[in-house]
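Trainee: Model the following, please.
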Amino acid sequence: MRSLKSLAQGFLVSAASVYLLSIFLLFKGGDSMLAMLYFLVLTIPASSLTYLKLKNPRSHAASGAADRWRYLIFSFQGVVLAFWMFDIVTTFYAINVTGLAYELNPLGWPLGILGAAAYYIPTTVFSYILLFKMKEPVAFYAAIPLTLLTLGMGLLNLNAGAQNFQVFVDTAALATDMQYGLLALTIGANLAVPFVLKRMMSSPKAALR
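Mentor: Numbering: from 1, shown residues only. Next up, the predicted model:
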């Protein structure tokens, strides 16, 4: 289903951008080893997806300009969901792991998640209805300000997540032997994953047995 694919693409692109932001913050905070580990972990799915894309190019059926705009607008719902997940994960670390932060939402933590869920879930569903179930032009134009408002909310989550991640930058520390162990593990994974994919792609029948 192309609508779900566009949602997933928006989520993945946004998640990758947030991940790159995290690497930048780690370098800026002076933890170059942890930043390198983050980067090497990112290259595992990136190289795998690139390899699969090159080996299996797929031609998509031509679609009209209006449909392309619908899918693009809906993909921003995935972008916002990635920002929200980033906020949730970093909040968990800042509150539950370090105990150096507290939840500003009156519901407290983790019930504060429900407040955002009560907005994002209906908004995603309503945006889907406006873009793909209602074909009138007014529905399409109504989805634009709704998406912009949702993006604004998502940027607030991104800002909160960045502040929480700064707590991680300030407090995260790995023993030297663990650092080199993780570095060797991620380098090994970067070498092994493309090799495994190549073997699976070259012998699909054997891979299915």
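
Trainee: Excluding chain neighbours, what is closest to Ile144?
Mentor: Ile73 (6.7 Å; CB to CB, 6 or more residues apart in numbering). (Each C-beta comes from the backbone N, C-alpha and C, glycine too.)

Trainee: which helices and strands does the helix or strand hosting that neighbour pack with?
Mentor: Ile73 is part of helix 65-92, with elements assigned from DSSP states H and E. When contacts are defined as 3 or more CB pairs under 8 Å, 6 or more residues apart in numbering; DSSP states H and E, helix 65-92 packs onto helix 2-28, helix 112-128, helix 137-171.

Trainee: Run a quick neighbour tally on Leu148.
Mentor: If you count neighbours by other CB atoms under 10 Å, Leu148 ends up with 11.

Trainee: residues of the helix holding Ile73 that come out buried?
Mentor: Residues 70-71, 73-88, 90-91 are the ones in helix 65-92 that count as buried (16 or more other CB atoms under 10 Å).

Trainee: now the angle from that helix to helix 112-128?
Mentor: 180 degrees (axes from the mean of the first three to the mean of the last three CA atoms, to 10 degrees).

Trainee: quick one: helix 65-92 to helix 137-171, angle?
Mentor: 30 degrees.

Trainee: Use 114 as the first number for this chain going forward.
Mentor: Got it, the first residue is 114 from now on, which makes the last one we talked about helix 178-205.

Trainee: what's the angle from helix 178-205 to helix 115-141?
Mentor: Orientation check (the same axes, to 10 degrees): helix 178-205 against helix 115-141 gives 40 degrees.

Trainee: contacting residues for Leu268?
Mentor: Contacts for Leu268 (CB atoms under 8 Å, 6 or more residues apart in numbering) come out as Phe196.

Trainee: how close does it get to Leu224?
Mentor: Separation of Leu268 from Leu224 (CB to CB, to the nearest Å): 23 Å.

Trainee: swap in Gln276?
Mentor: Distance from Gln276 to Leu224, by CB to CB: 20 Å.

Trainee: More neighbours: which of those two?
Mentor: Gln276 (14 against 11).

Trainee: Now do the residue nearest to Ile257, the pLDDT please.
Mentor: At Ile186, the model reports a pLDDT of 92.

Trainee: go on, Leu268?
Mentor: 92.

Trainee: how close does it sit to Val131?
Mentor: Leu268 is 12 Å from Val131, by CB to CB.

Trainee: Name the residues contacting each of these two.
Mentor: Taking CB under 8 Å, 6+ apart as the contact rule, Leu268 and Val131 both touch Phe196.
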